[in-house]
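>>> I would like to see how this sequence folds:
(one chain, ligands or ions: 1)
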Amino acid sequence: MKVLIAYHSDTGNTEKVAKAMKEGLDEEGQEVTLLHTKDCDPLSLGSYDLILLGSCIIGGGPGKSAQNIIRKVTELPPKIAFFYTHGSNRPYPKTFKRLDKKLEQSNTKVLGTFECIGENTTWTEEEQLNMVPPEKREQAKIYMDSIKGRPNEEDLAKAKEFAKSLIK
Ligand SMILES: Cc1cc2nc3c(=O)[nH]c(=O)nc-3n(C[C@H](O)[C@H](O)[C@H](O)COP(=O)(O)O)c2cc1C
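Now for the predicted structure:
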């Protein structure tokens, strides 16, 4: 199968997940192209058999270049799956919702979504704690400590397995 993994990543977390997915699909003998969404032509998507579209969560939604793909794509592939990384401990099930209408109008099968936590490394710990009300800082520090280094080996192994499961 001709597979495209297209992802928006600012600090590398989602890119790590995308690369783990590529590793899984490579092992399954698939023909995989890995691209940052800023380098991806939205009009090329229809030429693949399967697309894995991913992003980090920025302000509650996908990053700009992933949004650009969603807005401009005209032809979708027969199969699509989604993935995203987020800093908070809650998932964002509506991340790719803006594609729903186009999906409804196509014959594209949605195979599933993979999500995992990604440590926010854009700001220092101190900067992040300063964004939180003083009474919530202790709890925030515990949470931040708990997600250090994520996506970790376990997350990446899960991402790889998820990708493999898409072609079985
Ligand atoms: C400007 C900015 C906004 C963010 N907004 C959110 C958010 O709304 N919800 C969330 O869970 N994480 C948010 N995050 C955390 C990132 O989604 C998370 O760290 C992600 O793994 C980063 O992925 P990347 O390394 O691929 O860019 C934000 C991070 C930045 C820098």
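>>> counting neighbours, what do you get for the residue of the chain found nearest the ligand?
At 2.1 Å from the ligand, residue 118 is the closest residue in the chain, using CB to the nearest ligand atom. Quick note: C-beta positions are derived from backbone N, CA and C, even for glycine. Residue 118 is surrounded by 24 other residues when neighbours are defined as other CB atoms under 10 Å.
>>> cool, residue 139 as well?
For residue 139, using other CB under 10 Å, the count is 10.
>>> any idea which element it lies in?
Assigning secondary structure by DSSP states H and E places residue 139 in helix 137-146.
>>> buried residues in that helix?
By neighbour count on 16 or more other CB atoms under 10 Å, the buried set for helix 137-146 is residue 144.
>>> do the same with stretch 60-77
Of the residues in stretch 60-77, those scored as buried under the neighbour-count criterion (16+ other CB under 10 Å) are 61-63, 65-70, 73, 76-77.
>>> how about the residues of the protein that lie near the ligand?
9-15, 56-60, 85-88, 118-120, 122 (CB under 6 Å from any ligand atom).
>>> let's see it at 8 Å
By the rule CB under 8 Å from any ligand atom, the part of the chain lying against the ligand is 7-17, 55-61, 63, 84-88, 90, 92, 117-123, 150-151.
>>> restricted to helices, list the residues you listed.
Among the residues of the chain next to the ligand, the ones falling in helices (DSSP state H) are 13-17.
>>> who wins for neighbours among the residues you listed?
residue 17 (31 neighbours).
>>> ok, that one touching residue 52?
No - between residue 17 and residue 52 there is no contact under CB atoms under 8 Å: 9.7 Å.
>>> identify the contacts common to the two.
Both residue 17 and residue 52 are in contact with 7, 83, where contact means CB atoms under 8 Å, 6 or more residues apart in numbering.
>>> I am finished for the moment; much appreciated.
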